[in-house]
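Chemist: The following comprises the amino acid sequence and a computationally predicted model.
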Amino acid sequence: SSTPSHDIANGFPAQNTSRTGTNVATRRDGLARRRAAMGFTQETLAEHLGLERSTVGRWERGTGTPQPWNQPDLAKALGVSQDVLADLLDPDLPDAHQAHGHLDARDIARSVVDEFNWPDWHPMGKVTVAPELWDTAAIIGEALATTENDLMATGRRTGPADAGVLLTGTALVIKLEPFLWPATAPARHGQPLTPPEADTAERFTAAARSWQWRGSALARRAVLAQLATLIRRLRDARQGTAETSRAFRLAAELADIAATMSWDAGDHVAAQRHFTLAVQLAHAGGHSSLAAGILLSLARQCFYLQRPEDGLEVVQLIQYATRRTATPRLRAAIATREAWAHALMGQARPFLRAVAMAEDCHSEGAQDIDASTPSARSLDAAELAGVLGGRYRELAEHDRRFAREAQDRINQALQIRSPHQSRTQVFDLVELARAHLVSHEPDRAAELVVQALPLARSTGRTGVMLRDFHRAAEPFAHVPVIRDARDAITDLTIA
């Protein structure tokens, strides 16, 4: 069966009509009965799927449709095949396409919308058109305009009205949804990129990776300047060659570095803008795993900004797009981000499922392709323990019983991390201190955060974490060692 068609030309969703001709949403009573037969309430099914109860309610009322990546888990929970689930979601409508011997362009556009159930992706459930695909020429043009604009003095910058706005909710999802389809490539026959040109860009990118955490505005400008140079070359280059694909990968990595630098400087709007450009550039070059890894960084930014719902939307987009291609290590990285979202929302059961998935996938080891995927290549045993320990700490903010597990995992990370990874050591120490605050052990928390101070910077993410500890420790301000630790954080972050 098919989902309801959409009036692509007129820009309005086709209405479901009852036998009396009244426009109504079609209730999915069969879906509700099957859910009840499997022993689920709306609330328990939602918890099982890691969703809100209202989402399941909208499915059954016919005012919303499960997103494509939710459907396999929903079918499994209901004990039905995907085909049977499709019938439960669309019980009354005939398959109109079966009545015709061919599909015209309008039908194809509708089928794209239908396949991915776009109504649930747009405000108020109203999808109006097939999604706009990313065009390689447009990506290059936007990347060059954005990069050159960022290189200008602040007072001279121009750009779209939303250039200074952080995208959230539906606006963020709509911006990213073309990742699900291949980018369209122009038939350009310019001067091909040469291996020496790509080698030069490769060396610069490797160097930039080594100093991306230094927080220097000059370093960020150097990265943006090199990115602009590379994009100008891509604009005029012959498309479809191995060296062009390589140049897209390097441009994506440079945009990712620029995003990380912007984030560390506290400019989240610029960070999101460059993460998005990095995803587009990687996608245009055919580097889907790299694009997925950069999207994971974008999801992490959502979590740092306390927007777990947005982060989970991005994670689910990655899960669906890479369902056939992700390596075990990339799947592990994706699962850690899913766990992060559930931890922030206090959802213990789906959190524990995601943790188990991360550990199982990580145990299968790394593959050669993981070396080109940032989130996969960095996920060694220490990073896995530290990341999951931090997520247990966040879950413990909702349920103190998880604080001890957080402490054990972060201690494990500290034991096996390289002593040269001072930045991640700060993250571990501050997270561990926060976990001891949750378990009402202020003396140990103060000892750990004081240990982190000599390694920390006053700005960037380490500075943010220290200020967060300062706020979290306020209930223990009467404890002398906590008072001293908070004073030391104030001295560092104000200096």
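Modeler: In hand now; what should we look at?
Chemist: How much space separates residue 479 from residue 438?
Modeler: 15 Å (C-beta to C-beta, to the nearest Å). (Each C-beta comes from the backbone N, C-alpha and C, glycine too.)
Chemist: just residue 60 next, same as before
Modeler: 38 Å.
Chemist: In terms of neighbours, single out the busier of the two.
Modeler: Taking neighbours as other C-beta atoms under 10 Å, residue 60 and residue 438 compare with residue 438 leading, 23 against 19.
Chemist: which residues touch the more buried one?
Modeler: 393, 396-397, 400, 403, 406 (C-beta atoms under 8 Å, 6 or more residues apart in numbering).
Chemist: Pick out whichever of those sits closest to residue 346.
Modeler: Distance from residue 346 was checked for each of those by C-beta to C-beta. The minimum falls on residue 397, at 7.8 Å.
Chemist: So for the closest one, what's the nearest residue that isn't a sequence neighbour?
Modeler: residue 438 (6.4 Å; C-beta to C-beta, 6 or more residues apart in numbering).
Chemist: again with residue 391
Modeler: residue 343 (4.3 Å).
Chemist: Do me a favour and average the pLDDT over the host helix or strand of the one you found.
Modeler: In this structure, residue 343 sits in helix 328-344 according to DSSP states H and E. Averaging pLDDT along helix 328-344 gives 95.
Chemist: next structured bit after it?
Modeler: helix 348-362.
Chemist: Tell me who's in contact with the residue lying closest to residue 240 once chain neighbours are set aside.
Modeler: Among residues not flanking residue 240 along the chain, residue 185 sits closest, at 6.7 Å (C-beta to C-beta, 6+ apart). Contacts for residue 185 (C-beta under 8 Å, 6+ apart) come out as 136, 239-240, 284.
Chemist: Tell me the pLDDT of residue 185.
Modeler: Per the predicted model, pLDDT is 71 at residue 185.
Chemist: can you check the one 3 residues further on too?
Modeler: Looking at residue 188, its pLDDT reads 62.
Chemist: do the same with residue 210
Modeler: 80.
Chemist: which residues does it contact?
Modeler: So residue 210 contacts nothing (C-beta under 8 Å, 6+ apart).
Chemist: tally of neighbours for the closest residue to residue 333 other than its chain neighbours?
Modeler: Distances taken as C-beta to C-beta, 6+ apart place residue 375 nearest to residue 333, at 4.1 Å, with adjacent residues excluded. For residue 375, the count of nearby residues is 26 (other C-beta under 10 Å).
Chemist: related to what we said a few turns ago, can you redo the contacts of residue 185 as CSV with pLDDT, neighbour count and secondary structure?
Modeler: Shown next, in CSV, are the contacts of residue 185 (pLDDT from 0 to 100; neighbours: other C-beta atoms under 10 Å; DSSP: H, G, I helix; E, B strand; the rest coil):
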residue, pLDDT, neighbour count, secondary structure
136, 88, 23, helix
239, 83, 20, coil
240, 82, 15, coil
284, 92, 28, helix
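Chemist: Which one of these is nearest to residue 180?
Modeler: residue 284 (14.4 Å).
Chemist: and the closest residue to residue 477 other than its chain neighbours, helix, strand or coil?
Modeler: For residue 477, ignoring the flanking residues on the chain, the nearest one in space by C-beta to C-beta, 6+ apart is residue 483 at 5.7 Å. The assignment at residue 483 comes out as helix when based on DSSP: H, G, I helix; E, B strand; the rest coil.
Chemist: and residue 372, what is it in contact with?
Modeler: Per C-beta under 8 Å, 6+ apart, neighbours of residue 372: 249, 287, 289-290.
Chemist: quick one: it and residue 276, what's the gap?
Modeler: 20 Å.
Chemist: got it, and residue 353?
Modeler: 29 Å.
Chemist: And the strands in the stretch 101-250 of the chain?
Modeler: Taking DSSP state E, counting those that start in this stretch, the stretch 101-250 of the chain contains no strands at all.
Chemist: Pull the distance from the longest helix along the chain to the chain's centre.
Modeler: Secondary structure of the chain per DSSP state H: the longest helix is helix 242-264. Computed by C-alpha atoms, centre = their mean, to the nearest Å, the chain-centroid distance of helix 242-264 equals 17 Å.
Chemist: Next: stretch 413-431.
Modeler: 24 Å.
Chemist: again with stretch 208-226
Modeler: The answer for stretch 208-226 is 23 Å, by C-alpha atoms, centre = their mean.
Chemist: now stretch 281-299
Modeler: The answer for stretch 281-299 is 10 Å, by C-alpha atoms, centre = their mean.
Chemist: now swap in stretch 388-400 and tell me
Modeler: 20 Å.
Chemist: in that stretch, what's buried?
Modeler: 388-398 (16 or more other C-beta atoms under 10 Å).
Chemist: Now render these as CSV, adding pLDDT.
Modeler: Formatted as CSV, these follow (pLDDT from 0 to 100):
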residue, pLDDT
388, 97
389, 97
390, 97
391, 97
392, 97
393, 97
394, 97
395, 97
396, 97
397, 96
398, 97
